[in-house]
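Student: Okay, here's the prediction I keep looking at, along with the sequence it came from:
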Amino acid sequence: MAEHAGVSPGVVSRVVNANGSVSERTRERVLASIAELGYRPHSAARELRTRTTNTIGLVLADVANPFFSQLADHIVRHAADVGLGVLLTTTQEDPAMELKSIELLLQKRVGGVIAAPGTENAAAWRHMRETGVELTFVDRFIDRIPGIDVVGMDNEHAAHSATTALIERGHRRIALVSGPSETSTGRERIAGHRRALQEHGIDEDPGLVIELAFRPVEAETALAGIVALPQPPTALIVGNTAVSASVVTHLRSAGISVPQDLSVIVFHDAEWTALTSPPLTVVRHRLDELARHAVDMLHTRLNSPERLRRREKRLPSELVIRPSIAQVGD
């Protein structure tokens, strides 16, 4: 293994045991070799004997995002109901911070982890699972890691429903602000939006699909580009929950009236969405149900890891119509 990674056995040991200083580049190379060779540093039985199965890790992107802060609250409550304590870490959508979260939870020897993973640390997540830690991905998942339980929203159907509601009100130029298509949520929401357009015979304008990182600072630039188009959209779907509030703020600053100038739908029914003028139409996620399924899946794995096949659960969302969308021409 050390030879394959081009490092010494001591370096491999420090990476495997999350103990000691190793450069980020070297750590990534060792983890990639672990994944490629299927290396198991300890047997699952030995590893599980030393783990604290009544403590789980929770790795979320950014608790400043109301979606994740509310999800965390629900997960902690449901975990307590089944006797599990929760160690929460956040990644700030930063792959290096996510890697440090993985290393921390390995050091703490948690029995399992619920995570909303990024896209760049597949080898590290795979390594964590191979050391005996049970994993459940919530909201997002990584295609390259088979066999991990997943619970999330039916994002494609949710985006399809939102787009269809606007089409039924006469809109043909509908902009979508999405998360990056490298993420499962971003990819699915873009797919649902496109499918609705195709079903209604509407040609997609690539300039109306904007992928943003999960940072509000990018929202103003994206909006400026949308409204400056020769044919600006008449409707906007914000499928990136991290930037929703910033998008609405910038619309107001730009003097764009909702829904007179632009009909607006946002993903996630944060409390503030009902307090704007006008109140915003939202795609409501059932976060309590999402959290309950995530905890139940992981709790079951901790108690019977060898008897279960991979499970995937998709939960429906609800489109809540409010005055922020209108018929074209009204």
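Tutor: Okay, I see it.

Student: just the helices in the stretch 201-330 of the chain please.
Tutor: Listed from the start of the chain, the stretch 201-330 of the chain has helices (DSSP state H, counting those that start in this stretch) covering 219-227, 244-253, 287-303.

Student: so which of these gets nearest Ala159?
Tutor: With distances scored as CB to CB, the stretch of these nearest to Ala159 is helix 244-253 (14.3 Å). The way it works is simple: take the backbone N, C-alpha and C, and place the C-beta from them, glycine included.

Student: circling back: deepest of the helices of the stretch 201-330 of the chain, which one?
Tutor: Comparing the helices of the stretch 201-330 of the chain by mean neighbour count (mean count of other CB atoms under 10 Å), helix 287-303 comes out on top with a mean of 21.

Student: what about it, average pLDDT?
Tutor: The pLDDT scores in helix 287-303 average 95.

Student: Repeat that for stretch 208-216.
Tutor: Confidence over stretch 208-216, taken as the mean pLDDT, stands at 83.

Student: Show me what counts as buried in it.
Tutor: Going by neighbour count (16 or more other CB atoms under 10 Å), the buried part of stretch 208-216 is Leu208, Val209, Ile210, Glu211, Leu212, Phe214, Pro216.

Student: roughly how far apart are the first one and Leu135?
Tutor: This means Leu208. Taking CB to CB, to the nearest Å as the criterion, Leu208 is separated from Leu135 by 36 Å.

Student: Reformat the helices of the stretch 201-330 of the chain as TSV; add distance to Val82.
Tutor: What follows is the helices of the stretch 201-330 of the chain, written out as TSV (distance: least, CB to CB, whole Å):
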stretch	distance to Val82
helix 219-227	39
helix 244-253	32
helix 287-303	5
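
Student: Tell me which of the ones you listed approaches Gly152 most closely.
Tutor: Proximity to Gly152 (CB to CB) singles out helix 287-303 among these, at 7.4 Å.

Student: one step back: which stretch among the helices of the stretch 201-330 of the chain comes nearest Gly112?
Tutor: helix 287-303 (4.7 Å).

Student: what sits against Ala291?
Tutor: For Ala291, the contacting residues are Leu71, His74, Ile75, Arg77, His78, Val138, taking CB atoms under 8 Å, 6 or more residues apart in numbering as the criterion.

Student: which among those end up buried?
Tutor: Among those, the ones that count as buried (16+ other CB under 10 Å) are Leu71, His74, Ile75, His78, Val138.

Student: Show me what Ser178 is bridged to.
Tutor: Residues in a beta bridge with Ser178, per DSSP bridges, are Glu211.

Student: Can you show me the strands along this structure?
Tutor: 52-60, 85-90, 110-115, 134-138, 149-153, 174-178, 209-211, 235-238, 263-267, 281-284, 312-315, 318-320 (DSSP state E).

Student: In CSV: these, plus distance to Thr185.
Tutor: As requested, the strands of the chain are exported to CSV (distance: least, CB to CB, whole Å):
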stretch, distance to Thr185
strand 52-60, 13
strand 85-90, 17
strand 110-115, 14
strand 134-138, 11
strand 149-153, 7
strand 174-178, 8
strand 209-211, 12
strand 235-238, 13
strand 263-267, 9
strand 281-284, 12
strand 312-315, 12
strand 318-320, 17
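
Student: ok, and which of those has the densest surroundings?
Tutor: Ranked by average neighbour count under the criterion mean count of other CB under 10 Å, the strands of the chain are headed by strand 235-238 at a mean of 29.

Student: which secondary structure elements does it contact?
Tutor: The helices and strands touching strand 235-238, judged by 3 or more CB pairs under 8 Å, 6 or more residues apart in numbering; DSSP states H and E, are helix 155-167, strand 174-178, helix 244-253, strand 263-267.

Student: Residues touching it, excluding its own?
Tutor: With CB under 8 Å, 6+ apart as the test, strand 235-238 has contacts from 159, 162-163, 166, 171, 173-177, 193, 226, 244, 247, 262-267, 325.

Student: Repeat that for stretch 161-175.
Tutor: By CB under 8 Å, 6+ apart, the residues outside stretch 161-175 that reach it are 176, 192-193, 196-197, 199-200, 202, 205, 208-210, 226, 231-237, 263, 265, 267, 281, 283, 317, 319, 321, 325-329.

Student: go with 6 Å
Tutor: Outside stretch 161-175, the residues that touch it by CB atoms under 6 Å, 6 or more residues apart in numbering are 193, 196, 200, 202, 208, 226, 233-237, 265, 283, 319, 327-328.

Student: next one: stretch 212-221
Tutor: Residues outside stretch 212-221 that contact it (CB under 6 Å, 6+ apart): Glu93, Gly179, Ala222, Asn240, Ala242, Val243, Ser246, Val247, His250.
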